[in-house]
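Novice: Here's my sequence, what's the structure:
(chains A and B)
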Amino acid sequence: MTIKDKTAIVGVGATPYYKRGKSQPQTMEELVGKATLAALADAGLKATDVDGFAFFGGGFDTPTLVETLGIPEIRFTAMLTGTGGGSAGALGLAASAIITGVAKTIVVVGGMQQILHRYGVSTSDYPPTPYNTFFSAAGLVGPGHLFALLARRHMHLYGTRRKHFGEIALSNRANAQNNPEAVMFGKPMTMEDYFNAPLLADPHCLFDFCLENDGAVAVVITSSERARDLRQKPAYIMSSTHGGERSWGRAMYWQGMSDEFYASSGQQSVARHLYEVAGIGPQDVDCAQIYDHFTSQVLMQLEDFGFCGKGESGAFVESGAIRMGGKLPLNTDGGQTSCGYMWGMTHIREAVLQIRGTSTNQVQGAKIVLATGGPTAIPVSAALLRGE
Amino acid sequence: MSDIIRTKTPPIGLFQFAADTYTQPFWDAAREHKLKMPSCSACGFRRFPPTPFCPECHSQDLTWTELSGEAIIYSYTIVERAVLPGMAEFIPYMPIVVDFPDFPGVRLVSSLVDAPLDAVHVGSKVRVRWDDLPDGVTLPRFVLADD
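Specialist: Numbers count the residues shown, from 1 in each chain, chains lettered A, B, ... in the order given. Purely as a prediction, here's the structure:
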């Protein structure tokens, strides 16, 4: 038994994507509520239809949501462990609960508001542990510093260059120019701009980092049978997997990964199971929304998900493959570096829009879309959505 | 030669110390300016930082071995932008991950200090330097090894 095609995303909703701190005076609960209500309205459903929540990355307070949205009864409330690596995996959590009859209508919502904390330096907020003592001693205070170590190793092993990271940033930025909701809409970028940007954590420059935003994105999931009677074209959940292997483990918070895993995204096993459940391969994917907290990690995911060989992602993106009209149009809303950063939920939203045929950068005839969550410590995750 | 930029020590204000039963021997050795690494007493498997169980045989016993202090840069980054208060005066600094030729299988996260920025690459040979902090903790840091 698998989850293949038994559930579908029937509604999607989002707040505007605000620059960091600019969502005030709204509260986080308010942003989550607005995204949830928008997703329900999109589906033609009401808050009284909701009987479940599936979260990731710390989640939100279910009783408060029940109280403020007027949800009569909750039968499922669960969270994928870990952080942003769980976004695409939370879809599978919801699908499993629906297929087993635990709940009928589940909202997956993610979002963030950075008033007190900046995620860019989140590592420095962690309480001291016997493990992160070594990182604070080295001055590794942000995820960008940690992933820079993996990026440097990838450059050393495979000859990857900064211009390859830059191609991810430029491709995302180009896509954002057609998306009025993107934070970087109206702000095109050239490779010269990219190379003029300050290096924050060599080899990562400013434009290799995702944005820091406020906002929330929600999707509504129900059975495929019920989805066919609802308002929107269903985005069927073909597959959603999460986890990771021992050789990846705590990953950048460990730095002890085996050499074959170190310069990777840790998604190898998740990708393998993802395709197994869906019964397809990377050649069948029409476009991909790949988690881009750092451009270098997009390259490594292209390898781990089999779109090119190990170490070949630099040449792959240099060929134009990820641009609109290319072999694998990537991050068609502008991605987390140019559209908005909501811990991966923007990628889920954009994948649904591609399936519906309503993206501002629509890939003609897109039938199967990949969205990934992650690269971070276990769990990382991914999902495949398909249309009719 | 004044235009050569050398790496500084990482911002000390960011350092927060914690240890447990399994990592304390590393820090006890550091105070004596000895670089020691653990292996499983039962099967010899190496892990660092040491967790409560050997993932291969589940033994909890560790044997600590003193290393030469010579290491190879496995990867590195250069921090050139202050993103938190108290960082500016320490820029640039260079976090590194090192392998030990005399103890393969473990890596240590540390920093490379007093090195010309353009002289460092993956594979550079480094050796440990001990920095005694005022609060009694001694940190291993690395300098470029003499060629």
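Novice: can you dump the C-alpha coordinates of stretch A:149-161 into PDB?
Specialist: Output in PDB follows, covering the C-alpha atoms of stretch A:149-161 (Å, rounded to 0.1, in the frame of the first residue of the first chain):
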ATOM      1  CA  LEU A 149      31.500  24.500   3.900                       C
ATOM      2  CA  LEU A 150      29.500  22.000   1.800                       C
ATOM      3  CA  ALA A 151      29.600  24.400  -1.200                       C
ATOM      4  CA  ARG A 152      33.400  24.800  -1.000                       C
ATOM      5  CA  ARG A 153      33.800  21.000  -0.900                       C
ATOM      6  CA  HIS A 154      31.600  20.600  -4.000                       C
ATOM      7  CA  MET A 155      33.800  23.200  -5.800                       C
ATOM      8  CA  HIS A 156      36.900  21.300  -4.800                       C
ATOM      9  CA  LEU A 157      35.600  17.900  -5.800                       C
ATOM     10  CA  TYR A 158      33.800  18.700  -9.100                       C
ATOM     11  CA  GLY A 159      35.200  22.000 -10.300                       C
ATOM     12  CA  THR A 160      31.900  23.800  -9.600                       C
ATOM     13  CA  ARG A 161      32.300  27.500  -9.800                       C
END
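Novice: so where do the strands sit in chain A?
Specialist: With DSSP state E as the criterion, chain A has strands at A:7-14, A:18-19, A:52-56, A:76-80, A:106-112, A:199-202, A:204-205, A:213-223, A:235-243, A:287-289, A:368-373, A:380-386.
Novice: Contacts only, for residue 131.
Specialist: With no chain named, the answer covers chain A. When contacts are counted by CB atoms under 8 Å, 6 or more residues apart in numbering or on different chains, A:Tyr131 touches A:Arg250, A:Tyr253, A:Trp254, B:Thr23, B:Pro49. Quick note: C-beta positions are derived from backbone N, CA and C, even for glycine.
Novice: could you do chain B instead?
Specialist: B:Thr9, B:Thr138, B:Leu139, B:Pro140, B:Arg141.
Novice: Double-check that the third one belongs to a strand.
Specialist: Yes - B:Leu139 sits within a strand when classified using DSSP: H, G, I helix; E, B strand; the rest coil.
Novice: what's the distance between the residue of the stretch 101-250 of chain A found nearest chain B and A:Leu146?
Specialist: Closest residue of the stretch 101-250 of chain A to chain B, CB to the nearest CB: A:Gly139 (2.8 Å). Distance check for A:Gly139 against A:Leu146: by CB to CB, to the nearest Å, it reads 11 Å.
Novice: In terms of neighbours, single out the busier of those two.
Specialist: A:Gly139 (26 against 22; other CB atoms under 10 Å in any protein chain shown).
Novice: Just give the closest residue to the residue of the stretch 101-250 of chain A closest to chain B, not the sequence neighbours.
Specialist: Nearest non-adjacent residue to A:Gly139, counting by CB to CB, 6 or more residues apart in numbering or on different chains: B:Pro10, 2.8 Å away.
Novice: Reformat the contacts of A:Tyr131 as CSV; add neighbour count, distance to A:Ile355 and pLDDT.
Specialist: Compiled in CSV, the contacts of A:Tyr131 are given as follows (neighbours: other CB atoms under 10 Å in any protein chain shown; distance: CB to CB, whole Å; pLDDT from 0 to 100):
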residue, neighbour count, distance to A:Ile355, pLDDT
A:Arg250, 17, 34, 95
A:Tyr253, 19, 35, 95
A:Trp254, 17, 36, 96
B:Thr23, 20, 48, 97
B:Pro49, 22, 44, 97
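Novice: mind putting the residues you listed in JSON lines, distance to A:Gly110 included?
Specialist: Compiled in JSON lines, the contacts of A:Tyr131 are given as follows (distance: CB to CB, whole Å):
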{"residue": "A:Arg250", "distance to A:Gly110": "22"}
{"residue": "A:Tyr253", "distance to A:Gly110": "21"}
{"residue": "A:Trp254", "distance to A:Gly110": "25"}
{"residue": "B:Thr23", "distance to A:Gly110": "34"}
{"residue": "B:Pro49", "distance to A:Gly110": "31"}
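Novice: May I have stretch A:24-40 as PDB, with CA atoms only?
Specialist: Taking Å, rounded to 0.1, in the frame of the first residue of the first chain, the C-alpha atoms of stretch A:24-40 are listed here in PDB:
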ATOM      1  CA  GLN A  24       3.500  44.100  11.700                       C
ATOM      2  CA  PRO A  25       1.200  44.900  13.400                       C
ATOM      3  CA  GLN A  26      -0.300  41.500  12.300                       C
ATOM      4  CA  THR A  27       0.500  38.600  14.600                       C
ATOM      5  CA  MET A  28       1.800  35.200  13.500                       C
ATOM      6  CA  GLU A  29      -1.500  33.600  14.400                       C
ATOM      7  CA  GLU A  30      -3.200  36.200  12.200                       C
ATOM      8  CA  LEU A  31      -0.900  35.400   9.200                       C
ATOM      9  CA  VAL A  32      -1.500  31.700   9.600                       C
ATOM     10  CA  GLY A  33      -5.200  32.300   9.900                       C
ATOM     11  CA  LYS A  34      -5.400  34.400   6.800                       C
ATOM     12  CA  ALA A  35      -3.500  31.900   4.700                       C
ATOM     13  CA  THR A  36      -5.700  29.100   6.000                       C
ATOM     14  CA  LEU A  37      -8.900  30.900   5.300                       C
ATOM     15  CA  ALA A  38      -7.700  31.900   1.900                       C
ATOM     16  CA  ALA A  39      -6.800  28.200   1.100                       C
ATOM     17  CA  LEU A  40     -10.300  27.100   2.300                       C
END
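Novice: List, one by one, the residues from the stretch 101-250 of chain A near chain B.
Specialist: Contacts of the stretch 101-250 of chain A with chain B, taken as CB under 8 Å from any CB of the partner chain, map to A:120-121, A:124, A:127-142, A:145, A:148-150, A:152-153, A:156, A:198-204, A:246.
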